[in-house]
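**Student:** Sequence first, predicted coordinates after that:
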Amino acid sequence: MDASVLLDVHGVRRTFPRPGGDELLVLDGVDLSLKEGEIVGLLGRSGSGKSTLLRLIAGLARPQGGSLSYLGQPIDGPASGIAMVFQGFALFPWLTVLENVQLGLEALGLPEKEIRTRALAAIDLIGLDGYESAYPRELSGGMRQRVGFARSLVVHPNILLMDEPFSALDVLTAENLRTDLIELWMQAKLPIKGIILVTHNIEEAVQMCDRVLLFSSNPGRVTSEIVIDAPRPRERTDPRFEDYVDQIYVAMTARRVERQRQAPPTGSAPVQQLTHVSSSTIAGLIEAVAAPPYNGKADLPDIASDLQLEIDDLFPVTEALQLLRLGDIEGGDIKLTHMGKRFADADTNERKEIFSRSLQSYVPFATHIRRVLDERANHAAPRRRFIDELEDHMAEDAAEETLRAIISWARFAELFSYDKESEMFSLENPT
């Protein structure tokens, strides 16, 4: 085995039990390696199993298949050379900064003098010198996360796992903390040999990582790897930075576009799995793309930046546009279709008509619900009937999300109505 390899993950599979007795497949056939001197990013939407994979690497859970090894040895429980920084600050509010940082060292049974010396050094390294006696409630969000970093670094781990460590911070604070961390990494001041970063922020991945592994969802799989071969520090205005961002957008949207094109046509089995996106969000994106400077076609990184959308926000709405044939996604660009442009220029009533035609043409289950309601004498049907049909083809939570999306879109289109209290669908409002 290559001596520089810190971590090797091969064919990892992870499932979770469901209440009904079946299993939810979260990770399937995941391969990953981390070499000394690398920062590897795991990039994908929420629910793609990235955080679950970190827990497996940390030894906090075990896979149902595959293998994980650290320095050539199988991971069987928490490893002393692997530390984690969480999305939340996870500090004890009754302890000072110094006491919070010392906790990890106390668990190692080190001498009291060494514990204090190493804790103070970690606090100084991460930029909190002078706050040793402060309590978490006295600190800003960015400072509290710095304490989390210091607590992880103080044990001098070989591998630092970071689970969206900047996502709970405001934009400026997150950028400042990222910049400081990369500066320390470049200067070899961090007592670690490799980092794995979980993120759903594409620019963050390009800014920090040497390699980025792109994850699909349901189940989580590594679909591709992007090598970021650019010197640090990396400026967002650098054309190479922008090229890598575009490359990742193209790679992440290509598979989604292909799945949309493989969606069942009208009249086939109505089993599409949908993500709920409100009609107002869809309309908002259409309006933004239709307006100057885009005039109907926008680069996804640009529109995401302008609207301050991360991939968990952007991709579901672009997928909805693609599904409803109001927009096309090609090569990292979003382009409004003829109907999408008509929608942008239309008044509210015409927008509803356009949306209704798209919904009935390209979302078979919505058409199925309307047909059932038309055929019944009382033009009504219980929610349970449709949930049961969806659950024949997808997991319970996916069925709930799918029906929620259809209800929301159908209300806007006035295709049918739904009463949450009685859990009944009806044609009460539509004409």
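**Tutor:** Thanks, I have it.

**Student:** For the nearest residue to I406 once chain neighbours are set aside, which three-state class applies?
**Tutor:** In space, I406 comes closest to A366 once its chain neighbours are excluded; the distance is 5.0 Å by CB to CB, 6 or more residues apart in numbering. Where you see a C-beta, it was placed from the backbone N, CA and C, and this is true even at glycine. Here A366 is recorded as helix under DSSP: H, G, I helix; E, B strand; the rest coil.

**Student:** where does the stretch 1-150 of the chain have low pLDDT?
**Tutor:** Along the stretch 1-150 of the chain, the model assigns pLDDT under 70 to residues 1-3, 19-21.

**Student:** which residues in it form helices?
**Tutor:** 50-57, 97-107, 112-125, 141-153 (DSSP state H, counting those that start in this stretch).

**Student:** Distance to D170 and mean neighbour count added to those helices, as JSON lines?
**Tutor:** Formatted as JSON lines, the helices of the stretch 1-150 of the chain follow (distance: least, CB to CB, whole Å; neighbours: other CB atoms under 10 Å):
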{"stretch": "helix 50-57", "distance to D170": "22", "mean neighbour count": "22"}
{"stretch": "helix 97-107", "distance to D170": "21", "mean neighbour count": "20"}
{"stretch": "helix 112-125", "distance to D170": "23", "mean neighbour count": "17"}
{"stretch": "helix 141-153", "distance to D170": "7", "mean neighbour count": "22"}
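
**Student:** beta partners for I329?
**Tutor:** Counting by DSSP bridges, I329 is bridged to I334.

**Student:** ok, I195 touching N158?
**Tutor:** No: applying CB atoms under 8 Å as the test, I195 and N158 come out as separate, 10.4 Å apart.

**Student:** which of those two has more neighbours?
**Tutor:** Using other CB atoms under 10 Å, the more surrounded residue of I195 and N158 is I195, with 23 against 19.

**Student:** Can you verify that one is assigned to a helix?
**Tutor:** No: counting by three-state DSSP, I195 falls outside a helix, being strand.

**Student:** residues touching it, list them.
**Tutor:** If you count contacts by CB atoms under 8 Å, 6 or more residues apart in numbering, I195 has them with E38, I39, V40, I159, L160, L161, M162, W185.

**Student:** separation between the first one and L120?
**Tutor:** Look at E38 and L120: by CB to CB, to the nearest Å, they are 29 Å apart.

**Student:** Just read off the phi/psi values of G296.
**Tutor:** Backbone torsions of G296, given as degrees, to the nearest 10, read phi 110, psi -10.

**Student:** so S224, which of the three states?
**Tutor:** Reduced to three states by three-state DSSP, S224 is strand.

**Student:** Make sure it is actually in contact with L214.
**Tutor:** Yes: in this structure, S224 is within contact of L214 by CB under 8 Å, at 4.9 Å.

**Student:** what do these two both touch?
**Tutor:** In contact with both S224 and L214: A251, using CB under 8 Å, 6+ apart.

**Student:** Show me which of the two is the more surrounded one.
**Tutor:** Taking neighbours as other CB under 10 Å, S224 and L214 compare with L214 leading, 21 against 15.

**Student:** wait, what's in contact with the more buried one?
**Tutor:** Per CB under 8 Å, 6+ apart, neighbours of L214: L43, G44, V222, T223, S224, E225, I226, I248, A251, M252.

**Student:** Kindly report the same for I334.
**Tutor:** L285, V289, K297, A298, L300, I303, T318, L321, G327, D328.

**Student:** Give me the pLDDT value at it.
**Tutor:** pLDDT, I334: 92.

**Student:** Against Q272, how distant is V363?
**Tutor:** 7 Å.

**Student:** more neighbours, those two?
**Tutor:** More crowded of V363 and Q272, by other CB under 10 Å: V363, with 27 against 22.
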